[in-house]
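1. quick one: sequence and predicted model below, then my questions.
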Amino acid sequence: MRETLKKIGMEEAQNVKTDKKNWIRIYQLMRQVEEEKLYAECEDTPSYTAWVNALADKLHVHVSLLWARLKAGKNYDEYERRARRNGKSVVPLEDVVISPDSINLCERVAGKNAAEMDYLIDKV
């Protein structure tokens, strides 16, 4: 597991350098660390938040950049699930060309209104 976490950290470093194209991969790797609790393997990162903070320091980026990528990915995943439930076809996350900031802005504008969120993402 520790080796997996190390590989993820190295891949994250490369993805941050080319963030415009790779924000989705950043999200996928962060989600993997969170879901598999890989951060627990390191003594200096007892929580997911501590791991994200350490990763941001290591990559020399502001921690908010990583949290924003995670939030955008989760928002789009939820949008995709709702669309599938309603029998609607949408672009899979891996092929999305929307910026993470646009997705997060849609979520802020829509608030808790899922229908409005779906409408806004469709328009973007």
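-> Received the coordinates, thanks.
2. and the pLDDT for Glu34?
-> According to the predicted model, the pLDDT of Glu34 comes to 95.
3. what is the least confident helix or strand in this protein?
-> Averaged element by element with mean pLDDT, DSSP states H and E, the chain has its least confident helix or strand at helix 2-17 (a mean of 69).
4. which residues does the helix or strand following it contact?
-> Per DSSP states H and E, helix 2-17 leads on to helix 19-36 as the next helix or strand towards the C-terminus. Counting by C-beta atoms under 8 Å, 6 or more residues apart in numbering, the neighbours of helix 19-36 from elsewhere in the structure are 1, 5, 8, 11-12, 14-16, 38-39, 48, 51-52, 65-66, 69-70, 72-74, 93-94, 96, 99-100. For the C-beta atoms, the positions are set from N, CA and C on the backbone; glycine is no exception.
5. got it, and stretch 53-60?
-> Counting by C-beta under 8 Å, 6+ apart, stretch 53-60 makes contact with Gly9, Glu12, Ala13, Val16, Asp44, Thr45, His62, Val63, Leu65, Leu66, all of which sit outside it.
6. identify each buried residue in that stretch, please.
-> Neighbour counts over stretch 53-60 (16 or more other C-beta atoms under 10 Å) mark Ala54, Leu55, Ala56, Leu59 as buried.
7. secondary structure, distance to Glu80 and pLDDT added to those residues, as a markdown table?
-> Supplementary listing: the buried residues of stretch 53-60 in a markdown table, determined by DSSP: H, G, I helix; E, B strand; the rest coil; distance: C-beta to C-beta, whole Å; pLDDT from 0 to 100:
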| residue | secondary structure | distance to Glu80 | pLDDT |
| --- | --- | --- | --- |
| Ala54 | helix | 30 | 92 |
| Leu55 | helix | 26 | 91 |
| Ala56 | helix | 27 | 93 |
| Leu59 | helix | 27 | 88 |
